[in-house]
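S.K.: Here's my sequence, what's the structure:
(chains A and B)
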Amino acid sequence: GQQVQQSPTSLVLQEGENAELQCNFSTSLNSMQWFYQRPGGSLISVFYNPSGTKQSGRLTSTTVIKERRSSLHISSSQITDSGTYLCAMDLSSGSWQLIFGSGTQLTVMP
Amino acid sequence: EAGVTQSPRYAVLQEGQAVSFWCDPISGHDTLYWYQQPRDQGPQLLVYFRDEAVIDNSQLPSDRFSAVRPKGTNSTLKIQSAKQGDTATYLCASSFEGQQDTQYFGPGTRLLVL
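M.R.: Numbers count the residues shown, from 1 in each chain, chains lettered A, B, ... in the order given. Take a look at the predicted model:
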């Protein structure tokens, strides 16, 4: 089965609403990351978050390693937040191989 | 500092044709990764190198896919006899030893096999 499961698969918001994206891991992991991807664009690392809570502007990531889950909270969403958000885990083997989820497609409407 | 560059950006093939993708990593990055990202899915690692050496190619379909990085800088991923199931975006990423938690991704090559 899938090692990294993300939810929801897609999300449509009105500008200004908040979003909560979830990521669950089926195996033990060393750490995890959140990435952002525009259609046809590169992946950009948003958070490297081994554990705990990190905030950057309107984005907050909370990771609980022993519970194998992470969340990404977007507050006061903007149209420019639209795109795909992917979480990925580093395997505990320390081989620096990223295992990605399928992503959440976020659309923020005006 | 230039980012990771890839070419071509797009490729359209008939089944059975061959295609090569090129990746130029960030200067000084010793580790280079190739990922396959099917539509509406996350990237899946195909192979990665440290310098010129293949570290892991266990996910590379070896009968039709090959990847090289002869001088430890640029890399080429080649598909012989493409199949419709190869339709995907092929992403290259690079990182620096000592900062392996940060991979920098290129824009990808979007491949359509008809």
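S.K.: CA atoms for contacts and neighbours, from now on please.
M.R.: OK.
S.K.: Do a quick rundown of the strands in chain B.
M.R.: If you assign secondary structure with DSSP state E, the strands in chain B sit at B:5-7, B:10-13, B:19-24, B:31-37, B:44-50, B:53-56, B:65-68, B:75-79, B:88-96, B:99-105, B:109-113.
S.K.: Give me the below-cutoff pLDDT ranges for chain B.
M.R.: Across chain B, residues meeting the criterion (pLDDT under 70) sit at B:1, B:98-101.
S.K.: ok so, going back, of all the strands of chain B, which lies closest to chain A?
M.R.: Minimum separation from chain A across the strands of chain B (C-alpha to the nearest C-alpha) falls at strand B:99-105, 5.7 Å.
S.K.: Now render the strands of chain B as a markdown table, adding mean neighbour count and distance to chain A.
M.R.: Shown next, in a markdown table, are those (neighbours: other C-alpha atoms under 10 Å in any protein chain shown; distance: least, C-alpha to the nearest C-alpha, whole Å):
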| stretch | mean neighbour count | distance to chain A |
| --- | --- | --- |
| strand B:5-7 | 20 | 10 |
| strand B:10-13 | 15 | 10 |
| strand B:19-24 | 20 | 13 |
| strand B:31-37 | 25 | 9 |
| strand B:44-50 | 22 | 7 |
| strand B:53-56 | 15 | 9 |
| strand B:65-68 | 18 | 17 |
| strand B:75-79 | 19 | 18 |
| strand B:88-96 | 25 | 8 |
| strand B:99-105 | 18 | 6 |
| strand B:109-113 | 20 | 8 |
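S.K.: Could you take those and lay them out as TSV, with extra columns for distance to A:Phe100?
M.R.: Below are those laid out as TSV (distance: least, C-alpha to C-alpha, whole Å):
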stretch	distance to A:Phe100
strand B:5-7	21
strand B:10-13	23
strand B:19-24	21
strand B:31-37	10
strand B:44-50	7
strand B:53-56	17
strand B:65-68	21
strand B:75-79	21
strand B:88-96	13
strand B:99-105	13
strand B:109-113	18
